[in-house]
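Engineer: below is the sequence, then the predicted model.
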Amino acid sequence: MSLPVVTPPFDDTDPTPVAGVLLAAGTSDRYGDRNKLLATHDGDPLVRHAARTLLDAPVDPVTVVVGHEADRVRAALAGLDVELVYNDDYASGQASSVRVGVDAIRDRASAVVVALGDMPFVAPASVERLVDAHAAGVSDALAAAHDGTRGNPVLFADRFFDALADVTGDVGGRELLLEHGRLVETGDPGVRRDVDEPDDL
């Protein structure tokens, strides 16, 4: 993905309400017969690490979209200040979870940071850089980057909420980023590190 890269710090920011949505509904097909979101790192499930990243960043509310093994994922998040919503169409791909998450927050935020439950190594400061870049007017569609290479999470302003609700399959907001987006350099290798297979841990 070839997009312009911007580098913090960002000046003259005008904070606006930004929500966080964590996608945690997938079936973990490439991870074998276990749910990768429930695999542990430093004693906690991966999905709990990912949720804490958003909770420690300047986003509110934090909504987690569950689907596959929803009860077990809920249990892994017990005690955290997150809202849980269920995606009954989770098997159709990531786009359906994006739609459910955006619908859950659309009346309470001017933008949303969409993060992935299988990315437990993202630093909260990386989310904050997306929020700051948006507040400074850099772009209404942003993706975290490391060494100029696109990663996750991503941020979309509310003008894209309807478009995000219309995407299908397993692509999320990729086309919107290609057309409108910029990359925010984070210096954080965690924005490029997901967990697809047990060896990734």
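Structural biologist: Right, received. Where do you want to start?
Engineer: where exactly do the strands run in the chain?
Structural biologist: With DSSP state E as the definition, the chain shows strands at residue ranges 5-6, 18-24, 40-41, 44-45, 62-66, 83-86, 111-116, 141-146, 149-157, 182-185.
Engineer: now those in CSV, with mean pLDDT and mean neighbour count?
Structural biologist: The C-beta positions use only the backbone N, C-alpha and C, and glycine is treated the same way. Formatted as CSV, these follow (pLDDT from 0 to 100; neighbours: other Cβ atoms under 10 Å):
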stretch, mean pLDDT, mean neighbour count
strand 5-6, 90, 16
strand 18-24, 98, 29
strand 40-41, 90, 13
strand 44-45, 95, 18
strand 62-66, 98, 26
strand 83-86, 98, 15
strand 111-116, 97, 27
strand 141-146, 96, 25
strand 149-157, 96, 23
strand 182-185, 96, 22
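Engineer: residues in contact with the nearest residue to residue 153 once chain neighbours are set aside?
Structural biologist: For residue 153, ignoring the flanking residues on the chain, the nearest one in space by Cβ to Cβ, 6 or more residues apart in numbering is residue 115 at 3.9 Å. Residue 115 makes contact with 20, 21, 22, 23, 50, 53, 54, 122, 127, 152, 153 under the criterion Cβ atoms under 8 Å, 6 or more residues apart in numbering.
Engineer: go again with 10 Å.
Structural biologist: Residues near residue 115 by Cβ atoms under 10 Å, 6 or more residues apart in numbering: 20-24, 50-51, 53-54, 57, 59, 62, 64, 101, 122, 126-127, 130, 144, 152-155, 191.
Engineer: got CSV for the strands of the chain, with distance to residue 175 too?
Structural biologist: Converted to CSV, the strands of the chain look like this (distance: least, Cβ to Cβ, whole Å):
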stretch, distance to residue 175
strand 5-6, 19
strand 18-24, 17
strand 40-41, 32
strand 44-45, 31
strand 62-66, 20
strand 83-86, 24
strand 111-116, 14
strand 141-146, 10
strand 149-157, 12
strand 182-185, 15
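Engineer: residue 142 is in contact with residue 177, correct?
Structural biologist: Yes. Using Cβ atoms under 10 Å, residue 177 makes contact with residue 142 at a distance of 8.2 Å.
Engineer: pLDDT value on residue 129, please?
Structural biologist: Residue 129 carries a pLDDT value of 96.
Engineer: count of neighbours near it?
Structural biologist: 27 (other Cβ atoms under 10 Å).
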